[in-house]
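Engineer: Return atomic coordinates for the entry below.
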Amino acid sequence: MPSVTLNSMSGSSFVNVSKLNAARYLHGTSTIAAVPDELLSAIFHIATHDFHDHYDAIFHATTISHVCQRWRNISLSNSSLWTVIVFTFPTHRIQFLRNINWLARSRSRPLHLYMDFRDPTWNWDEASHCFSWKNMENIMRLILPYAHRWQKVELLTDTWAPIFTFLSYTSRIKSAPMLQDILLSRCNAFFAAKGEPFRPSAMKHPVSWFGGGAFHSLRRVSLAGVHVNWTNSGLSGLLELELKYHASEVMPTLHEFCDIISACPELERLSILGWGPQIDADVTPKQRTLYLSRLRNFTFGFIDVDYAIDLLSLFYFPALKTLSLEDISSSLDPLHPCDSSNLLEYLTAAHHGSCTTSSHPFPCAMCSPYPLSLISHLELHGLTSCEASLRCFLQETTTLDHLVLSGLDKTNLQAIVPDLIAAALCPNLLDLKFNDADPMIVALLASLPVGTVRSSNSPSMRVVVVANDADSDDATHELVHVLWAAGVKVVILGNATS
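Structural biologist: Next up, the predicted model:
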């Protein structure tokens with residue numbers, strides 16, 4: 001039998017081989033063709049739902065459905081591939097046509113609505129924004145008939161008119177049985193500034209969304225710069241609640257706020273950035289009224305320290321594990337940051353609150369409203385305070401294993417960083433992270449006092465520095481050398497990497 005070499009094969013032979021391979025694929029002899037339809041369908045579901053970018057859901061589902069006729073048939077028969085409905089600015093006809101098809105293909109499946117109408121070129125004039133209430137109305141007319149299938153709704157805008165249109169249309173909804181998550185955001189933190197009124201004032205009147213509470217499964221709510229009719233909000237049975245960047249005048253009264261929190265006894269995560277309820281000094285209760293036995297994560301950003309203390313005096317979080325404190329005023333008005341000393345001193349004192357159970361020793365961490373000694377994760381952002389207040393506060397966090405710092409003043413950093421490294425403060429710390437570290441922080445870490453060494457009685461610790469990519473290599477190399485000498489692992493990240 002004559003041997004066959006590449007050189008002896010004609011061009012027509014290559015064509016025949018290609019046709020043979022294609023025939024084998026089409027007749028099921030390829031590996032992928034042997035995979036059952038049910039398994040392929042499951043793989044497609046994972047591929048279209050394992051994403052961090054909503055645009056990936058569109059891209060993956062569309063790509064899969066265009067590979068071949070078999071894949072298209074399988075993908076179109078799998079309604080779970082078409083459940084993410086995405087609208088973005090600027091809206092156009094193709095978006096509407098795509099979403100009409102996806103709403104049909106998703107059949108009776110729960111829907112995830114993602115609507116982002118922010119314009120990066122907007123000039124901050126409310127009336128000049130290219131996405132108006134009319135644009136939002138067109139979208140609401142499309143999606144409203146499917147409200148019984150909404151499972152997660154995310155709406156991000158620059159201005160109030162689209163939000164108001166959404167709230168007005170949802171007030172007609174009598175039932176949303178599948179709805180679990182709502183995130184509404186008017187992305188403008190400026191309205192949280194002290195004394196700043198709500199604008200436009202003509203549209204300040206609150207709306208009773210979802211018919212005053214047509215919720216059966218709602219568990220997570222985030223309202224950023226968005227207010228509703230708090231008396232008829234329907235907010236109950238929540239696991240997570242976030243209220244942030246509101247004008248103070250549109251926030252609930254203390255009575256309304258207490259009713260909402262009391263209706264969520266299983267709440268696990270609470271975030272208040274800016275203003276909470278409107279507190280009248282004449283009617284502030286003399287004792288803590290809001291007991292949340294399951295709350296483990298509390299994020300608190302404040303504008304005014306006196307108000308912050310009044311608000312914190314309402315709460316009782318015996319199971320608290322994660323605490324984040326942020327001075328928001330420092331970002332809204334960098335020239336006039338708050339002095340957080342009184343707030344830190346209040347939390348320190350509250351940690352030593354009286355225990356009414358005679359069998360418990362004093363201070364009793366299990367019964368204190370803010371059990372600092374049980375907290376495992378702490379974040380401090382933008383705080384300015386006296387050194388003694390911060391040190392006393394940190395001395396109570398004896399079981400802390402993760403600490404994140406950003407925007408702290410140089411004096412405080414110089415006072416606490418060496419003791420954090422040496423385990424004189426927070427002796428059980430495992431991770432110390434500096435966010436947005438500027439050259440001053442890098443230099444500070446690189447200039448630890450001679451002889452600073454991690455205590456052998458404490459666990460090994462890692463320092464993570466999220467530094468400006470422009471920081472000099474010499475400075476970061478010196479930092480790594482000094483911390484390694486102190487017995488501490490170091491990770492340097494750029495802002496983009498983090």
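
Engineer: pretty sure residue 109 is touching residue 78, no?
Structural biologist: No - the criterion here is Cβ atoms under 8 Å, and residue 109 misses it with residue 78 at 9.7 Å. All C-beta atoms are positioned from the backbone trio N, CA, C, and that covers glycine.

Engineer: And these two? Which one has more around it.
Structural biologist: Neighbour count, other Cβ atoms under 10 Å: between residue 109 and residue 78, residue 78 has more, with 23 against 16.

Engineer: Can you pull out the low-pLDDT segments for the stretch 151-300 of the chain?
Structural biologist: 214, 281-288 (pLDDT under 70).

Engineer: Now do the strands in it.
Structural biologist: 181-186, 220-224, 240-244, 269-274, 290-291, 297-302 (DSSP state E, counting those that start in this stretch).

Engineer: any chance of those strands in TSV, plus distance to residue 407 and mean neighbour count?
Structural biologist: Shown next, in TSV, are these (distance: least, Cβ to Cβ, whole Å; neighbours: other Cβ atoms under 10 Å):
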stretch	distance to residue 407	mean neighbour count
strand 181-186	23	21
strand 220-224	21	20
strand 240-244	18	20
strand 269-274	15	21
strand 290-291	29	18
strand 297-302	12	21
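
Engineer: Out of the ones you listed, which is closest to residue 171?
Structural biologist: Among the strands of the stretch 151-300 of the chain, the nearest to residue 171 by Cβ to Cβ is strand 181-186 (13.8 Å).

Engineer: quick one: that closest one to strand 240-244, angle?
Structural biologist: 0 degrees (axes from the mean of the first three to the mean of the last three Cα atoms, to 10 degrees).

Engineer: Check which strands are paired with strand 181-186 and give the direction for each one.
Structural biologist: strand 150-157 (parallel), strand 220-224 (parallel) (DSSP bridges).

Engineer: How far away from the center of its chain is the first one?
Structural biologist: The chain centroid and the centroid of strand 150-157 are separated by 14 Å under Cα atoms, centre = their mean, to the nearest Å.

Engineer: Could you list the alpha-carbon positions for it in CSV?
Structural biologist: The C-alpha coordinates for strand 150-157 follow below in CSV (Å, rounded to 0.1, in the frame of the first residue of the first chain):
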residue,chain,number,x,y,z
TRP,A,150,-40.6,40.6,39.1
GLN,A,151,-38.1,39.1,41.4
LYS,A,152,-35.3,41.7,41.5
VAL,A,153,-35.6,45.3,40.4
GLU,A,154,-32.6,47.7,40.1
LEU,A,155,-33.2,51.2,38.9
LEU,A,156,-30.4,53.8,38.8
THR,A,157,-30.9,57.4,37.6
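
Engineer: Indicate which one of the strands of the stretch 151-300 of the chain is closest to residue 308.
Structural biologist: strand 297-302 (3.8 Å).

Engineer: Tell me the strands beside the closest one, with direction?
Structural biologist: Strand 297-302 has the following sheet partners, assigned by DSSP bridges: strand 269-274 (parallel), strand 322-327 (parallel).

Engineer: Adding distance to residue 187 as columns, could you present those in JSON lines?
Structural biologist: Output for the strands paired with strand 297-302, formatted as JSON lines (distance: least, Cβ to Cβ, whole Å):
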{"stretch": "strand 269-274", "distance to residue 187": "13"}
{"stretch": "strand 322-327", "distance to residue 187": "17"}
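
Engineer: could you show me where the helices are in the stretch 201-350 of the chain, in order?
Structural biologist: 210-213, 254-262, 305-312, 329-332, 341-351 (DSSP state H, counting those that start in this stretch).

Engineer: Just send those helices back as a markdown table, with distance to residue 373 and mean neighbour count too.
Structural biologist: Conversion of these to a markdown table gives the following (distance: least, Cβ to Cβ, whole Å; neighbours: other Cβ under 10 Å):
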| stretch | distance to residue 373 | mean neighbour count |
| --- | --- | --- |
| helix 210-213 | 39 | 18 |
| helix 254-262 | 25 | 18 |
| helix 305-312 | 17 | 18 |
| helix 329-332 | 28 | 19 |
| helix 341-351 | 7 | 19 |
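
Engineer: Tell me which of these lies nearest to residue 92.
Structural biologist: helix 210-213 (29.0 Å).

Engineer: What are the contacting residues of that closest one?
Structural biologist: Helix 210-213 is contacted by residues 170-174, 176, 179, 229, 232-236 when judged by Cβ atoms under 8 Å, 6 or more residues apart in numbering.

Engineer: what do you get if the cut-off is 6 Å, keeping everything else the same?
Structural biologist: Contact with helix 210-213 is made by 170, 173-174, 176, 232, 234, as judged by Cβ atoms under 6 Å, 6 or more residues apart in numbering.

Engineer: same question, stretch 382-394
Structural biologist: The contact list for stretch 382-394 (Cβ under 6 Å, 6+ apart) reads 326-327, 330, 337, 340-341, 344-345, 348, 407-409, 412, 415, 425.

Engineer: and that stretch, which residues are buried?
Structural biologist: For stretch 382-394, burial by neighbour count (16 or more other Cβ atoms under 10 Å) applies to 382-386, 389-394.

Engineer: circling back: list just the nearest of the contacts of stretch 382-394 to residue 272.
Structural biologist: Sorting these by how near they are to residue 272, with Cβ to Cβ, puts residue 326 at the top with 10.6 Å.

Engineer: Would you confirm that the closest one contacts residue 301?
Structural biologist: Yes - counting by Cβ atoms under 6 Å, residue 326 sits close enough to residue 301 to count as a contact (4.0 Å).

Engineer: Among the buried residues of stretch 382-394, name the ones in helices.
Structural biologist: Counted as lying in helices by DSSP state H, out of those, are 389-394.

Engineer: Between those residues, which sits nearest residue 150?
Structural biologist: residue 393 (42.8 Å).

Engineer: correct me, but residue 311 touches residue 278?
Structural biologist: No - contact criterion Cβ under 6 Å: residue 311 and residue 278 do not qualify, at 10.6 Å.

Engineer: so who does residue 375 touch?
Structural biologist: Residue 375 makes contacts with 323, 397, 400, as judged by Cβ under 6 Å, 6+ apart.

Engineer: Could I get the contacting residues of the first one?
Structural biologist: For residue 323, the contact set (Cβ under 6 Å, 6+ apart) comprises 298, 375, 378.

Engineer: In JSON lines: these, plus distance to residue 487.
Structural biologist: Formatted as JSON lines, the contacts of residue 323 follow (distance: Cβ to Cβ, whole Å):
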{"residue": "298", "distance to residue 487": "33"}
{"residue": "375", "distance to residue 487": "25"}
{"residue": "378", "distance to residue 487": "22"}
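
Engineer: with those in mind, which one is nearest to residue 148?
Structural biologist: Out of those, the member with the shortest distance to residue 148 (by Cβ to Cβ) is residue 298, at 34.1 Å.
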